[in-house]
Structures are given as C-alpha cells and as structure tokens.
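>>> have a look at this prediction, sequence included:
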Amino acid sequence: MRKVTLGLLGLACVAALAFNGFGQSSNAIADDVLAMVRAQWAAEIKDPTNVAEQMKNIAADYTEFNGDYATRLEGKSLNMRLAEAGGVSSIRTVAAEMANPKVQVYNGDVAILSYNYVGLSKDKDGKTEPSRAKSTRVYVKQNGKWMLVHANFGADPVPK
C-alpha cells in the first residue's frame, strides 16, 4: 500500500510539472512577456538611441512584418540598423501602452502575445500625435531565456 501511495504521489508530481510547463505557470510566463515589452518601450522612451537595450530580448533570426515595408524584415541586425536610423529622428515616442493584451502559452516554451498598441509621439515643436497598431509577438524560450522571434505590427486605422 505504501509503494502504491508513493507511486501515485510521484505520478501526480510529474503530471503537475508537465501541466505547468515544467515549473513556470502560464500566468508567470505571461507576466514575464508583458514585462519585457514594457521594458523595451521604456528603454525607447528614455533613450531612443540606445537600440541595444531596446532589442536585448530579440533573437538573432528575428523576423517582422509591419506597415512601413512591403516585405518581411529578416534578422535582428537589419531591425537594429533601422531602429538606430530612426533613433535620431526629431519625433519621439512619449507614451506606449497595450490595450487588450492576451498571452497564449504552449508547452511552457512558446508564448504568443497579441494586443492593440496605443501610443503617443511628439515632434520637435511639441505637437503630439497618437499611434495605433494591431500587434502580435511570438516568444520562444531559448537557453532558459525568453526571446522575441517574430512580430507583426499591422495598421489599425481610426474607425470612420
């Protein structure tokens, strides 16, 4: 009887670990992913020229679709060059927020974040303009660290 009880207890522990992605719950993963995005935005607002800090959680083979280019952007290095060129612009992001964020976690090592981006930019004359996008980010846990491997930032036109 004791062996059966220990066996069932062991089986329950293994099942619990498997269900929770081998240790990290879906809620904890979602919190980590959301915190990474917010930290990236905070780094951009603080210093738009510090691209290395903004992109520290982006994988080398990162890909991106966005409304500015007609083709998929391939690789972290290309995205860094574009961000560096944009970092010297007289237009600066002054606010960035997520509306309706949803994180879907798969097997404890893939997380998909979708949200509506709502932000505010300011030009050199102090004029502000709202920014909007429909956004999806795909994260993969690589060597114990969450890395952004793909993103799609789509237009979100103002309703008429």
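Thanks, I have it. Residues are numbered from 1 along each chain as shown.
>>> give me the neighbour count for residue 146.
Residues within reach of residue 146, counting by other C-beta atoms under 10 Å, total 20. From N, CA and C alone the C-beta is placed, and that goes for glycine too.
>>> is it true that it touches residue 34?
No: the pair residue 146 / residue 34 is not scored as a contact, 11.0 Å apart, by C-beta atoms under 8 Å.
>>> what's the next secondary structure element after the longest helix that the chain contains?
Longest helix in the chain by number of residues (criterion: DSSP state H): helix 26-46. Toward the C-terminus, helix 26-46 is succeeded by helix 51-54 as the next helix or strand (DSSP states H and E).
>>> pLDDT on that next one, on average?
For helix 51-54, mean pLDDT is 93.
>>> next, the buried residues of the helix or strand following it.
Downstream of helix 51-54, the first helix or strand assigned by DSSP H and E is strand 58-66. Neighbour-count burial for strand 58-66 flags 58-59, 62-66 (criterion: 16 or more other C-beta atoms under 10 Å).
>>> what's the farthest-apart pair in those residues?
Across those, the longest distance by C-beta to C-beta is 17.0 Å; it joins 59 and 66.
>>> for residue 79, phi and psi?
Phi and psi for residue 79, reported as degrees, to the nearest 10, are phi -60, psi -40.
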